[in-house]
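**Student:** Prediction below, plus the sequence it came from.
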Amino acid sequence: MVFDLDIAVKGEGDMPYRWSDDYGARFGVLRRDDPDAPIRWFDIDPCYVFHVANAHDDGNWIVLQAVRYPELWRDNGGFDVEGLLWEWRIDLTAGTVSERQLDDLGVEFPRIDDRLAGLPARYSVSVAD
């Protein structure tokens with residue numbers, strides 16, 4: 001996703017961001033116990049991640065569950081592609097990421113019980129079509 005100044009200057013109310021095949025996708029991980037440490041970057045398959053359900057530390061792994069779009073805003077600022085709930089497992093030792101789709105229902109705005117934020121949560125709820 002890149003900012004498009006031409007769209008922003010037009011001021012027609014369209015989202016001033018567009019999908020670009022020239023850019024990849026990655027997650028940045030910042031240590032909670034050392035905020036001055038460098039960010040570790042992990043490449044993932046190109047996609048757009050919009051809303052996060054939860055993320056938690058699982059030993060040498062970070063587990064992230066969020067809504068994943070295969071692409072978004074390629075030709076316009078509309079939502080013409082459904083987002084699906086996915087999970088990524090970031091292996092901090094090996095420096096790799098595995099990913100899997102959790103469901104095939106289009107969803108948005110996933111939530112967990114707020115008391116479990118940052119901890120393993122078995123369920124999330126979300127808005128669906």
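**Tutor:** Nice, I can see it.

**Student:** Can you give the strand pairings for the top strand by length along the chain, parallel or anti for each?
**Tutor:** Secondary structure of the chain per DSSP state E: the longest strand is strand 48-58. Applying DSSP bridges, strand 48-58 is found paired with strand 61-69 (antiparallel).

**Student:** Now the strand it pairs with: buried residues?
**Tutor:** 61-62, 64-69 (16 or more other CB atoms under 10 Å). Using the backbone N, CA and C atoms, a C-beta is placed for each residue, glycine as well.

**Student:** Helix or strand next in line after it, which one?
**Tutor:** Once the chain leaves strand 61-69, the next helix or strand it forms, by DSSP states H and E, is strand 84-91.

**Student:** Give me the residues contacting that next one.
**Tutor:** 27, 29, 42, 44, 53, 58, 60-68, 96-107, 110, 124, 126 (CB atoms under 8 Å, 6 or more residues apart in numbering).

**Student:** Tell me what angle it forms with strand 61-69.
**Tutor:** 150 degrees (axes from the mean of the first three to the mean of the last three CA atoms, to 10 degrees).

**Student:** Nearest to Arg115 among the buried residues of strand 61-69?
**Tutor:** Of all those, Arg115 sits closest to Gln65, with 16.5 Å by CB to CB.

**Student:** nearest residue to the closest one other than its sequence neighbours?
**Tutor:** Leaving out its chain neighbours, the residue that sits closest to Gln65 by CB to CB, 6 or more residues apart in numbering is Ala53, at 4.3 Å.

**Student:** now Arg26: how far from Ile90?
**Tutor:** From Arg26 over to Ile90 the distance is 11 Å, taken as CB to CB, to the nearest Å.

**Student:** ugh, wrong one, Arg32
**Tutor:** 14 Å.

**Student:** Now do Asp43, the pLDDT please.
**Tutor:** Per-residue confidence (pLDDT) for Asp43: 95.

**Student:** Relative to the host helix or strand of it, what are the paired strands and their orientations?
**Tutor:** Element membership for Asp43, per DSSP H and E: strand 40-44. Using DSSP bridges, strand 40-44 pairs in its sheet with strand 25-29 (antiparallel).
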